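**Q** let's see this in three dimensions:
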Amino acid sequence: MDYTPETLETLSQCFIQTLSPQRQPRRQAESFLQQASEQPGYGIAVLRLIAEPTVPPEVKHAASVNFKNHVRLRWASREPETLASPITELERNQIKTLIVSLMLNSPPLIQSQLSEALAIISEHDFPKSWQTLLPELVSTLRQATDYSVINGILRTSNSIFKKFRFQYKTNDLLLDLKYCLDGFAAPLLEIFLKTGQLIAGNPNSADVLCPLFECQRLCCRIFYSLNFQELPEFFEDHMVEWMGDFRNYLTTSYPALEETEKNKEGLVDALRAAICENISLYMEKNEEEFQGYLKDFASAVWSLLMTVSPSSSRDRLAVTAIKFLTTVTKSVHHVLFSSTETLQQICQSIVIPNVRIRDDDEELFEMNYVEYIRRDIEGSDFDTRRRIACELVKGLGTNYREQVMSMMSIIIQNLMANYAVNPKQNWKDKDCAIYLVTSLSVKQGLGKWVSSDLVDVPSFFSSFIVPELQSQDLNDQPILKADALKFFTTFIPQITKPVALTLMPNLIQLLGSESNVVHSYAAICIEKLLLVKDEGHARYLSVDINPFVPMLMTNLFNALKLLDSQENSYVMKCVMRVFGVADITQEIAAACINGLASVLSEVCKNPKNPTFNHYLFESVAALVRKGCERDPNMIPVFEAGLFPILQAIMVEDVMEFLPYVFQILAQLIELNRPPLSGNYMPIFEIILSPESWRRSGNVPALVRLLQAYLQKAPQELNREGRLTQVLGIFERLVSASSTDELGFYVLNTVVENLSYEVISPYLVPIWTALFTRLQKHKTVKFLKSLVIFMSLFLVKHGHEALVSSINLVQPNLFGVILEQFGIPNLKLITGTLEMKLTSVASTRLLCESPVLLHDSAAETWGKMLDSIVTLLARPEQDRVTDDVEVPNIEETVGYTSTFAQLYNAGKKEEDPVKDIKDVKEYLVTSLARLSSLYPGKYPAIIQRSLDQSNQVALKELCDTYKCAIV
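**A** Model (predicted):
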């Protein structure tokens, strides 16, 4: 792609359109950029666009995000089948020449994106293929006097060195680390000390101090990265300088900055938080070298925490400081906190103030329920004050559990007593007490939660939780209702079945609360309730839930109409779970399918919540599955309710939903009784077209749908060359290692459902395609799939058809394939049905095929039997080695081409050899029958060919089933 004024204008317009709320222009722009990214020069063109001074900031930002993603996808070399056009070497060098200077001179939003892009590039190229980078950064750092440039260099360096925090320690990583330390450790200390002197000389000027403190924070983040793997010699030699300044920043006041930073995390707090992370790292990894500084730092951090206000702007400092103290409590230096007075002071002055709910928490509860729930109930709150304060209690409990739990128990009693004096005014005390009990609970065997050290759970539940759940005013004190529901959810296994069922109407009623958190927690509680098991068996059965289902489903669907809960994932997950447990009557099915179709039609307009949408389709699949299990005649009800919206999704090409639609259609087809309704046939034509298979995310679902058609309407393949189309799909899938297993699924279904007369004209091309792929790129996965397919072919159409059709490709080819690939890989087969199928097929081949019964094949016969015995007699871990050919799955966020399987629309596997009940008995009886025809022949082959342990195993099998090989 040449960078011209026309290119600049075209790319600018496209990036503007990617920000459009309208789907059509956004899709067109994304499609154009996708195609343009295939061209050489695209990356450098986008980078030059970002460098243009006349381009609007929003375009530059969109372009920088696109450039980062382009680099992530195409910088590293990949398999040809997954990436057609990686960035060329010439373009890479151009990008590396431009990106550093551009990043240093870009505004923060764009700089952060380019920083990530540079980190991605450095992950692959630095230092070996980008040896100019570090010298360029160091040279600029030492010459620069402008702190905007200095801080830009440090941000860049920070993004590069972050890899040392997250990667496993290897020799290559340590070599890279040494290279970075040799080049950057000394300049880092120089700028840190120089900047410290400037701070000391300008204590009252906020304008001067701001960039200086940001510089020190960045130095501390780089310090963390360079020290993460192990203590470098340079940092050990200069620990006095580093630790001296660290302690100074923790204990010195900087009023010029602190007074101007009331509503955001201040630069002083950010620096102190980074220092706390550094000293925590040294406490964890370099305790011996750090112990001389520990007492002073513990005192400094303690004093700091006593002055930290509850303002959210100071959260990060509070969290990192408490983490440091927690690390100390778990170390051999826990004696620093051993006195009763100290423990009491920590509980009262550090733990409780940080656990108490704040105005910011209340605002989050009301304004952003999703984030509140993530923090409060989903475990993403590890970096919140409330959670880390409880972690400090647990840390103290490591060595002083009895004392600490006794103190906390008294505190909880006092909080509840204070609440009882004035419930309206002192509700935060009850919230604090409930939070402490739930957060300090201990998970023990069988998934049961206990906290007997603090409260008696049943008593606390009945006294303080049940009244909140039974309150008739759904919208009074919503935070306490949410607390009660969270407590119920946390201790569900301990709440007896009669008590829980008595409270079910209250839980259903709470689904109607106006508070998003409350009705979400009610849905979560009901959903978790239905998952409880006692000794592996579900505690709550359909008979328990059925009486509540009409009102429960009404309130769940009404909750989805409440403000900001139209796409509430927790409510939809509860809908799915109820369908999975309850008995679905025709009346419930009709009402619910209409409700789900209505929700689906709305989210189709702008799919934006992948989690909600996944549970929505799971709910559809669960409703169809459970409804048809109870009454197969419900299928027309589901077809009438679902077909209009499913067809609309396909017509409008809502690509996020197509894999789900194909799975739902497959489920409906599999549940139908032949003949298949004519309404399904136009869809059959669509899935046979090559265009439908271009999106990789559609492929697994399309294979599933194609299998359903082949099973329920195999006669349709005899019309208009459809079998040729199906086999063309198989050939495309089997040619690539990422989809070869799916290709076998198609082929297996063809062989299972079509007669030999129909498929015989196509067998030579089929075997040719398989053996061509075998020659080009054989993997363990492919070889196992090939063995399974050959076994299925044999049990369906006989060993003669198998041998003769393969030999049509090339004379005597079957023997070569069997000896080189079939026999060695038979022992690798896993899965109950797969093992049964392959062992039965191999036994028939062994005992019935003239190819193996001929005297010249005695050695092959012995190897085959040895492999069968290995398969049947040895544990899986003894015969199957780990498959190292695992594809590299990249983490994805939101909607991508990744296929999401619907659990509730799962395919039921059929047993191709269901008439055989015991495969071990089948083997030895077949061998006994064969040997009786040729007395004395096979014992000698067995003794000569079988592994000693397999000979013993075979004899034991013969003794077990009272069969003799003579």
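**Q** in the stretch 151-300 of the chain, what residue spans correspond to helices?
**A** 163-166, 171-201, 206-227, 233-237, 239-251, 255-258, 267-285, 287-307 (DSSP state H, counting those that start in this stretch).
**Q** do the stretch 751-900 of the chain as well
**A** So, for the stretch 751-900 of the chain - with DSSP H, counting those that start in this stretch - the helices run 756-759, 763-776, 780-797, 799-809, 813-817, 823-826, 832-848, 850-853, 858-873, 876-879.
**Q** so which strand or helix has the residue of the chain positioned farthest from its centre?
**A** Most distant from the centre of the chain: Pro935, at 59.2 Å, with distances by CA atoms, centre = their mean. Following DSSP states H and E, there is no helix or strand that holds Pro935.
**Q** isn't it up against Val966?
**A** Yes. At 5.1 Å, Pro935 counts as touching Val966 under the criterion of CB atoms under 8 Å. Every C-beta, even on glycine, is put in place using the N, C-alpha and C of the backbone.
**Q** got the CA positions of stretch 853-868 in PDB?
**A** Provided in PDB are the C-alpha atoms of stretch 853-868 (Å, rounded to 0.1, in the frame of the first residue of the first chain):
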ATOM      1  CA  LEU A 853      -5.000 -64.500   8.300                       C
ATOM      2  CA  HIS A 854      -2.600 -65.400   5.600                       C
ATOM      3  CA  ASP A 855       0.600 -67.100   6.800                       C
ATOM      4  CA  SER A 856       2.700 -64.300   5.400                       C
ATOM      5  CA  ALA A 857       1.000 -61.800   7.600                       C
ATOM      6  CA  ALA A 858       1.700 -63.600  10.900                       C
ATOM      7  CA  GLU A 859       4.100 -60.900  12.200                       C
ATOM      8  CA  THR A 860       1.500 -58.100  11.400                       C
ATOM      9  CA  TRP A 861      -1.200 -60.200  13.000                       C
ATOM     10  CA  GLY A 862       0.900 -60.400  16.200                       C
ATOM     11  CA  LYS A 863       1.600 -56.700  16.200                       C
ATOM     12  CA  MET A 864      -2.100 -56.000  15.700                       C
ATOM     13  CA  LEU A 865      -3.100 -58.200  18.700                       C
ATOM     14  CA  ASP A 866      -0.400 -56.600  20.900                       C
ATOM     15  CA  SER A 867      -1.800 -53.100  20.100                       C
ATOM     16  CA  ILE A 868      -5.400 -54.300  20.800                       C
END
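**Q** and the longest helix seen in the chain, what does it pack against?
**A** The single longest helix within the chain, with elements called by DSSP state H, is helix 385-421. Applying 3 or more CB pairs under 8 Å, 6 or more residues apart in numbering; DSSP states H and E, one finds that helix 385-421 contacts helix 315-329, helix 340-345, helix 352-355, helix 427-439.
**Q** repeat the analysis, applying 10 Å as the threshold.
**A** The criterion is 3 or more CB pairs under 10 Å, 6 or more residues apart in numbering; DSSP states H and E, and the helices and strands that helix 385-421 contacts are helix 315-329, helix 340-345, helix 352-355, helix 369-376, helix 427-439.
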